[in-house]
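what follows is a predicted protein model with its sequence.
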Amino acid sequence: MTKKTARHVFAYLRASTKEQDATRARAALEQFADERGVRIAAEFVENESGATLKRPELFKLIERAKQGDVLLLEQVDRLARLNEDDWKALRRQIDEKGIVIVALDLPTSHAALNPEATDAFTGRMLGAINSMLLDMLAAVARKDYEDRRRRQAEGIAKAKDDGKFKGRPIDSEKRRAIADALQKGLSWSWIVSNLDTSRSTVASVSAELKAQAT
């Protein structure tokens, strides 16, 4: 029989770029919740870097959540690849709302989905342990992010020294489509959404068109 719970469980699914599937972990989260007799009330999905606090879906989740509600993640790094100050700011907002973080890669957090299964002392101990481990895993996630950025920069620098770095290839076909849309008077927002591009690329094409017109 499914256990009843007054708290809500909110799933947070994040990927860094539009090319990545942010919903990839949905099935794993749903199975995890089902095995513990709880239902995911809503999911919040976005494609934003974990190294920034500019994540509207995450903050929609935090705003909606009440005391004791659960923020369910596949991995802690889905929540944070933040620098220390930004991580502390995010943790403060989560803690002030009384939101409980449960991550599949943090086994000691799993008991929080069924708090009635543990006594008060055990619950407090697990809470303290989880808080410490969250900070540790967030620090590890940030270091991993910085290490990858450093290795990438070193690789680009070496390629430049060897005369092999050419940068990201230009998608000429997409730029022509963007130029055509701009000339038809379509909005930047429409172009970004329908042509799967970025505002910076639209700005670049727009600048080229203006230069050609002068």
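Received it, and whenever you're ready, just let me know what you need.

domain parsing of the chain, as residue ranges.
9-143, 172-213 (automatic domain parsing).

ok, of those domains, where does mean pLDDT dip lowest?
Here the lowest mean pLDDT among these goes to domain 172-213, at a mean of 86.

off-centre distance for that one?
27 Å (Cα atoms, centre = their mean, to the nearest Å).

can you check which helix is longest in the chain?
The longest helix of the chain (DSSP state H) is helix 120-161.

what strand or helix carries Arg14?
strand 9-15 (DSSP states H and E).

and the contacts of the helix or strand that comes right after that strand?
Using DSSP H and E, the helix or strand that follows strand 9-15 in sequence is helix 26-35. With Cβ atoms under 8 Å, 6 or more residues apart in numbering as the contact definition, helix 26-35 has outside contacts at 9, 11, 13, 39-40, 43, 72-74, 104, 113. From N, CA and C alone the C-beta is placed, and that goes for glycine too.

who wins for neighbours among these?
Leu72 (28 neighbours; other Cβ atoms under 10 Å).

buried set for whatever helix or strand comes next after the longest helix of the chain?
Later in the chain than helix 120-161, the nearest helix or strand by DSSP H and E is helix 172-183. Using 16 or more other Cβ atoms under 10 Å as the test for burial, helix 172-183 gives 175, 177-179, 181-182.

helices or strands up against helix 172-183?
Applying 3 or more Cβ pairs under 8 Å, 6 or more residues apart in numbering; DSSP states H and E, we find helix 172-183 packed against helix 188-194, helix 199-213.

so for the first one, what gets flagged as buried?
Of all the residues in helix 188-194, those buried under the rule 16+ other Cβ under 10 Å are 191-192.

who does that helix touch, helix- and strand-wise?
Secondary-structure packing of helix 188-194 (3+ Cβ pairs under 8 Å, 6+ apart): helix 172-183, helix 199-213.

residues in contact with the first one?
By Cβ under 8 Å, 6+ apart, the surrounding residues in contact with helix 172-183 are 190-191, 195, 197, 201-202, 205-206, 208-209.

got a ChimeraX select line for the buried ones in those?
Selecting only the buried entries of the contacts of helix 172-183 in ChimeraX, with 16+ other Cβ under 10 Å as the criterion:
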select :191,195,197,201,202,205,206
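
now tabulate the contacts of helix 172-183 in TSV and tack on distance to Glu19.
Converted to TSV, the contacts of helix 172-183 look like this (distance: Cβ to Cβ, whole Å):
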residue	distance to Glu19
Trp190	21
Ile191	18
Leu195	14
Thr197	12
Thr201	14
Val202	18
Val205	20
Ser206	23
Glu208	24
Leu209	26
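
what's the most distant pair in the contacts of helix 172-183?
Maximum pairwise distance in these, criterion Cβ to Cβ, is 19.0 Å, between Trp190 and Glu208.

so what's Leu73 up against?
11-12, 29, 79, 101-104.

go through these and name the one nearest Leu61.
Checking the contacts of Leu73 against Leu61 by Cβ to Cβ gives Tyr12 as the nearest, at 5.9 Å.
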